[in-house]
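In: For reference, the sequence and a predicted model appear below.
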There are 2 protein chains.
Amino acid sequence: MSYKSTIKDVAFDAGVSIKTVSRVINNEPAVAKATKTLVLKSIKKLQFKPNKDAQGLRSKKSFLIGLLYDNPNKYYLSDVQSGSLKACSETNYNLVLQECKNNSANLITKVINFINLANLNGVILTPPLSDNNKLIQAIETLRIPISFIAPPNKSFEIWSSATDSDAAYALTNKIIAMGHSNIAIIKGHKDHSASKLRYQGFCKSLEEHGIKLNPTNELQGNFSFESGYKLADQVLKKKNRPTAIFCSNDSMAAGVIKYCYQKGISIPDQLSVTGFDDSMIAQEIWPSISTVRQPVEKMAEHAAKSLIAKIGGDDSKQNLTKTFKSELILRESLGKAPS
Amino acid sequence: MSYKSTIKDVAFDAGVSIKTVSRVINNEPAVAKATKTLVLKSIKKLQFKPNKDAQGLRSKKSFLIGLLYDNPNKYYLSDVQSGSLKACSETNYNLVLQECKNNSANLITKVINFINLANLNGVILTPPLSDNNKLIQAIETLRIPISFIAPPNKSFEIWSSATDSDAAYALTNKIIAMGHSNIAIIKGHKDHSASKLRYQGFCKSLEEHGIKLNPTNELQGNFSFESGYKLADQVLKKKNRPTAIFCSNDSMAAGVIKYCYQKGISIPDQLSVTGFDDSMIAQEIWPSISTVRQPVEKMAEHAAKSLIAKIGGDDSKQNLTKTFKSELILRESLGKAPS
DNA sequence: TTTAAAACTGATATCGTTGTCATTGTAGCA
DNA sequence: TGCTACAATGACAACGATATCAGTTTTAAA
């Protein structure tokens, strides 16, 4: 149970040299089929697992990839992790996590240090880090591949997805189809490119329907529950208050909903509310939130997979770009406009 | 930017042998103060960082600890991670995550394989894995330390905390003080020892107040939102329905609350509901949930710290046992019993 | 056949660190 | 002074894999 066999043991058992065993392990081509079978048999028999440290030392690979994040939505983070982990567990890479403050002064130094210390072979950036060009450039000087889980950042052609903007567009169309025309939007955190995309999709729909966005209906949130609550207070106190609020994520929608309860505003009879992301809370709250579900876990899995492929030297385009379909989820919080 | 200095470079720069540098790095005692200063200066000058793989290969340490979990509450998991990560980042250990299915047939094989493959130096187990004796025993044969984030499991004296039970007791006292006597409990997942402890605290309070628990008021949930919703349906359809429901976590409480909205049962006027954990949802939902806050992040941090200490060979008792204080959070969902 | 090319295999150096053990220097004491 | 401890240091092997390059066998063409 305790003894771990080495490549040497396998070589002896199979009657070949250690280099041949190494070749088999790494799937190198120049091994005769018969030899390979023999070696594989010994590997199985001895339950041999290559020692990562030795591999790493010699080949300069650590088989470690980093997932860097800045305190996003916990649901979101959790999905990102599951997805990345799934991709890792199919290979022999491991994931190490690191929380970073996007706004901290020494962010870049810290990240670079972390990458060096842990000897990461690649990193995955989640929003808003994925929108931080300076950080990206700094990491690139280390010559390790990066993957992004996020909407695209124009300066780096990596992730092609108009998803956020398209989905916001579709959702807004739906709101308008329910008869609303006095619609407010609570925008997301300024540092997240997703905020902008969602806003763009929202505006596009309004424009196409000839609806003008009243400036007082344009609120700047930051994706937090509190910001939703606070901004609801601001916009719903107005005389000609909106009949629908487009929230750029579910947490802010939850904030709006809580505010409405306290003020006796009935949802969706007097006010419709929509969210974004389909977080857990979207269906646990009442009324449940109409929202947009993004296949975050799948996106993360893809990001990790393509990162691993890039580390392995596979530069094919298909690893870089992928578009995911998002889905409109209609629930109780969106209803017909009051007449 | 690209060249990484090695111990050899430092040794040359400082004019000492590599072994002496190694001693300085590892804080070994037998180094003269002047030499140490000299070496430290060179290390700084050359920005030397020891190569983990080489260290690991030679010393058998990987500086990796595993966090094993089975799909618990996402909020909970997130807190656990933050805490563990915090402890890690203060040392040079890294955290690797692995999701495991507690009920899967080959759980043990999988975990053992994972530990061997990643060459983990220790693992942290979260509930319900922390309650799985077979798993624990299997890991122990690998001779690596384990830490638990959980209420205590009697067979392993590691974590002394009557917290869950005490907190449940205190919360139930509070419910009774509000005039309730017909109280139902939705129990947590059977595999989690926390479920039992919360149940025990609940029962203790009832007993002390001379209240008998009606068997139909004892519901078996599994910590999920859905189970709360379903069991609410079951218990609230009864003729003599309870005026308060003690839910063993917040998600189930949210399920109950949603059910009540749909059926027009007003909270807390007609029914009081309490949760446990103080998850995010507890305050985002309306009415917000009266609950018990556990310092999960702190607990995780302690677990990781003590694990690292154990790996380092520090067996002092203080690393093994620690009790954390939990806090009663009273919010809108708990009110006076209807008269 | 012969022979060149290709396929396969192995001996040995090497990655960057720590472990072992030998050596040196120096303080303390009889 | 001479001796013993013990503190301080260093030379070199070792960890377990991969890289290099040379050697051997097989294949296929001449």
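Out: Received the coordinates, thanks.
In: tell me the domain ranges of chain A?
Out: Under the assignment automatic domain parsing, the domains of chain A span A:7-50, A:60-159+A:296-324, A:163-294.
In: so does the second one get close to DNA strand D?
Out: I take that to be domain A:60-159+A:296-324. No - against DNA strand D, domain A:60-159+A:296-324 shows no contacts by Cβ under 7 Å from any atom of the strand, the least distance being 7.9 Å. (Glycine included, C-beta is placed from N, CA and C.)
In: From start to finish, how long is stretch A:115-132 in a straight line?
Out: Using Cα to Cα, to the nearest Å, one end of stretch A:115-132 lies 17 Å from the other.
In: I figured A:Ser326 hits A:Val296, correct?
Out: No - using Cβ atoms under 8 Å, A:Ser326 is not in contact with A:Val296; the gap is 9.7 Å.
In: among the domains of chain A, which gets the worst mean confidence?
Out: In terms of mean pLDDT, the lowest-scoring of the domains of chain A is domain A:60-159+A:296-324 (a mean of 81).
In: State the distance from the residue nearest the centre of chain A to DNA strand C.
Out: To find the centre residue of chain A, average its C-alpha atoms and take the closest one (Cα atoms, centre = their mean): that gives A:Ile149, at 4.0 Å. Separation of A:Ile149 from DNA strand C (Cβ to the nearest atom of the strand, to the nearest Å) stands at 32 Å.
In: quick one: that residue and A:Leu125 touch, right?
Out: Yes - using Cβ under 8 Å, A:Ile149 is in contact with A:Leu125, at 7.3 Å.
In: Just name the most buried of the domains of chain A.
Out: When you average the neighbours per residue for each of the domains of chain A (mean count of other Cβ atoms under 10 Å in any protein chain shown), domain A:163-294 leads with a mean of 21.
In: and A:Ile144, backbone torsions?
Out: Dihedral pair for A:Ile144: phi -120, psi 150, per degrees, to the nearest 10.
In: for A:Leu97, same thing?
Out: phi -100, psi 150.
In: Break down chain A into its strands, ranges please.
Out: A:64-69, A:94-99, A:122-125, A:146-148, A:183-187, A:218-220, A:244-247, A:272-274, A:291-293, A:327-329 (DSSP state E).
In: Adding distance to B:Leu38, write those strands out as TSV.
Out: Output for the strands of chain A, formatted as TSV (distance: least, Cβ to Cβ, whole Å):
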stretch	distance to B:Leu38
strand A:64-69	33
strand A:94-99	33
strand A:122-125	35
strand A:146-148	39
strand A:183-187	56
strand A:218-220	55
strand A:244-247	60
strand A:272-274	65
strand A:291-293	60
strand A:327-329	63
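In: nearest to A:Ser266, of the ones you listed?
Out: Each of the strands of chain A was scored for nearness to A:Ser266 using Cβ to Cβ, and the closest is strand A:272-274 (10.8 Å).
In: hmm, who's touching that closest one?
Out: Applying Cβ atoms under 8 Å, 6 or more residues apart in numbering or on different chains, the external contacts of strand A:272-274 come out as A:171, A:175, A:178, A:180, A:243-247, A:253, A:256-257, A:260, A:267, A:289-291, A:333-335, A:337.
In: what do you get for stretch A:187-202?
Out: Contacts with stretch A:187-202, where a contact means Cβ under 8 Å, 6+ apart, come from A:102-103, A:127-128, A:130-132, A:150-153, A:162, A:164-172, A:185, A:218-223, A:246, A:248-249, A:252, A:276.
In: Does stretch A:89-105 reach chain B?
Out: Yes - Stretch A:89-105 is in contact with chain B by Cβ under 8 Å from any Cβ of the partner chain, via A:89, A:92, A:94-99.
In: Let me see the contact set for the residue of the stretch 201-339 of chain A found nearest DNA strand C.
Out: Among the residues of the stretch 201-339 of chain A, A:Ile311 lies closest to DNA strand C, at 18.8 Å counting by Cβ to the nearest atom of the strand. Taking Cβ under 8 Å, 6+ apart, we find A:Ile311 in contact with A:61, A:65, A:93, A:121-122, A:144-145.
In: Quick check: residues of the stretch 51-200 of chain A near chain B?
Out: A:51-54, A:56-57, A:62, A:64, A:74-75, A:77-78, A:81-82, A:85, A:89, A:92, A:94-99, A:116-119, A:141-143.
In: Among those residues, name the ones that also lie close to DNA strand C.
Out: Counting by Cβ under 7 Å from any atom of the strand, A:54, A:57 from these sit close to DNA strand C.
In: just checking, which of the residues of the stretch 51-200 of chain A next to chain B belong to helices?
Out: Among those, the ones falling in helices (DSSP state H) are A:52-54, A:56-57, A:74-75, A:77-78, A:81-82, A:85, A:89, A:116-118.
In: what's the closest of those to B:Val235?
Out: Distance to B:Val235, by Cβ to Cβ, is smallest for A:Tyr75 among these, at 28.7 Å.
In: mind listing what the closest one touches?
Out: Here A:Tyr75 is in contact with A:277, A:279-281, B:74 (Cβ under 8 Å, 6+ apart).
In: Could you find the closest non-adjacent residue to it?
Out: Closest residue in space to A:Tyr75, ignoring its immediate chain neighbours: A:Ser279 at 4.2 Å, by Cβ to Cβ, 6 or more residues apart in numbering or on different chains.
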